[in-house]
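Enquirer: no sequence on this one, just coordinates:
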């Protein structure tokens with residue numbers, strides 16, 4: 001049975017590893033075990049687990065197990081990082097958090113036994129632009145009271161897992177598109193080379209009836225033969 005925590009507003013949070021029917025969506029990386037770096041470039045630990053909002057099927061936190069020199073305590077020490085504040089480093093199995101190593105070491109201990117809203121607010125304070133965190137939480141509460149609608153605690157960019165996972169997914173799609181374009185350009189170049197036939201005393205390039213051939217005289221005595229082909233014909237012509 002999954003170990004889950006129910007927050008004050010009834011949201012159930014549980015470690016992904018405890019949820020048999022949950023897994024990282026296809027096409028997105030499973031970052032558990034990846035190195036975690038601070039904003040000042042130090043390795044501060046590894047991603048130990050992901051905490052999932054069961055009811056909304058969203059990842060809310062990275063459970064980061066700190067390196068011994070950052071934890072500064074005997075034994076394992078885990079801390080929570082709101083998923084939307086972190087980012088994947090392009091081309092590496094590395095997650096970067098927007099805190100210095102010293103600030104990471106000040107995050108409250110996550111003991112796996114419970115998850116309280118007090119703990120979450122303390123974590124959020126570290127990641128919400130300093131003192132603006134408390135102000136934003138207070139403003140959100142006032143606005144909610146004003147329109148008589150409770151505001152979801154996780155309705156905040158800090159808990160938006162799309163920001164985290166989409167960055168890696170978009171980068172991979174861009175890489176695939178670039179590779180495809182390069183392959184297509186190479187194929188077209190190969191087709192042109194196959195069209196040209198040469199021997200020691202001449203070079204022959206096939207031309208179509210619609211093509212126009214122009215001789216361009218060069219001032220330095222190096223002339224060029226230019227073959228102009230209609231764009232639509234060139235695109236539609238079978239290869």
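Expert: Yep, that arrived. All values derive from a computational prediction rather than experimental measurement.
Enquirer: ok, and what's touching the helix or strand residue 60 falls within?
Expert: Using DSSP states H and E, the element containing residue 60 is strand 58-66. For strand 58-66, the surrounding residues in contact (CB atoms under 8 Å, 6 or more residues apart in numbering) are 13, 15-16, 31, 36, 44-53, 76-83, 86, 95, 97, 104-105, 110, 123, 154, 159, 161, 164-165. C-betas here are computed from N, CA, C, even on glycine.
Enquirer: cool, and stretch 36-44?
Expert: 35, 45-47, 62, 64, 66-67, 70, 81, 89, 94-101, 103-105.
Enquirer: Quick one: distance of it to the chain centre.
Expert: 17 Å (CA atoms, centre = their mean, to the nearest Å).
Enquirer: Give the buried residues for that stretch.
Expert: Across stretch 36-44, burial judged by 16 or more other CB atoms under 10 Å covers 36-38, 44.
Enquirer: Pick the one among those closest to residue 224.
Expert: Nearest to residue 224 among the buried residues of stretch 36-44: residue 37, at 53.8 Å, using CB to CB.
Enquirer: related to what we said a few turns ago, of the contacts of stretch 36-44, which belong to strands?
Expert: Counted as lying in strands by DSSP state E, out of the contacts of stretch 36-44, are 35, 45-47, 62, 64, 66, 81, 94-96.
Enquirer: re the thing from before, out of the contacts of strand 58-66, which end up buried?
Expert: 13, 15-16, 31, 36, 44-53, 77-83, 86, 95, 97, 104-105, 110, 123, 154, 159, 161, 164-165.
Enquirer: which one in the chain is furthest away from the centre?
Expert: residue 201 (56.4 Å; CA atoms, centre = their mean).
Enquirer: which residues does the closest residue to residue 115 other than its chain neighbours contact?
Expert: Nearest non-adjacent residue to residue 115, counting by CB to CB, 6 or more residues apart in numbering: residue 5, 4.0 Å away. Shown in contact with residue 5 (CB under 8 Å, 6+ apart): 12-14, 114-115.
Enquirer: who wins for neighbours among those residues?
Expert: residue 115 (22 neighbours; other CB atoms under 10 Å).
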